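Could you work out the structure for the sequence below:
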Amino acid sequence: MGEPKLEMMDITELQAPQLPGVTIQNIYFDITPARMINIWFDENQMHHYSQQ
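Okay, here's the model as predicted:
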């Protein structure tokens, strides 16, 4: 099966300060299969999955 492929995203969306000796990475690590998600939250609201 192998290791899951993790997605690297733009570090600017983190708005993290640049620090000496620190490498910033924005790695998306959630590999939950979509079929297992019924409800999710974002910055604004709760979302419900509904099949139509």
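
Quick check: which ranges of the protein have low pLDDT?
1, 51-52 (pLDDT under 70).

need the strands for it, in chain order.
For the chain, applying DSSP state E gives strands covering 7-9, 26-28, 39-41, 46-48.

Rebuild those as CSV, extending it with mean neighbour count and distance to Ala16.
For glycine as for every other residue, the C-beta is placed from the backbone atoms N, C-alpha and C. Below are these laid out as CSV (neighbours: other CB atoms under 10 Å; distance: least, CB to CB, whole Å):
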stretch, mean neighbour count, distance to Ala16
strand 7-9, 10, 13
strand 26-28, 10, 9
strand 39-41, 9, 22
strand 46-48, 9, 27
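
mind checking which of the ones you listed is nearest Pro20?
strand 26-28 (19.4 Å; CB to CB).

packing partners for the closest one?
Applying 3 or more CB pairs under 8 Å, 6 or more residues apart in numbering; DSSP states H and E, we find strand 26-28 packed against strand 7-9.

What strands flank the strand it packs on, and is each parallel or antiparallel?
strand 26-28 (antiparallel) (DSSP bridges).

hmm, back to that, would you turn the strands of the chain into TSV with distance to Gln15?
Shown next, in TSV, are these (distance: least, CB to CB, whole Å):
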stretch	distance to Gln15
strand 7-9	13
strand 26-28	11
strand 39-41	20
strand 46-48	24
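
Which stretch among the ones you listed approaches Gln18 most closely?
strand 26-28 (13.8 Å).
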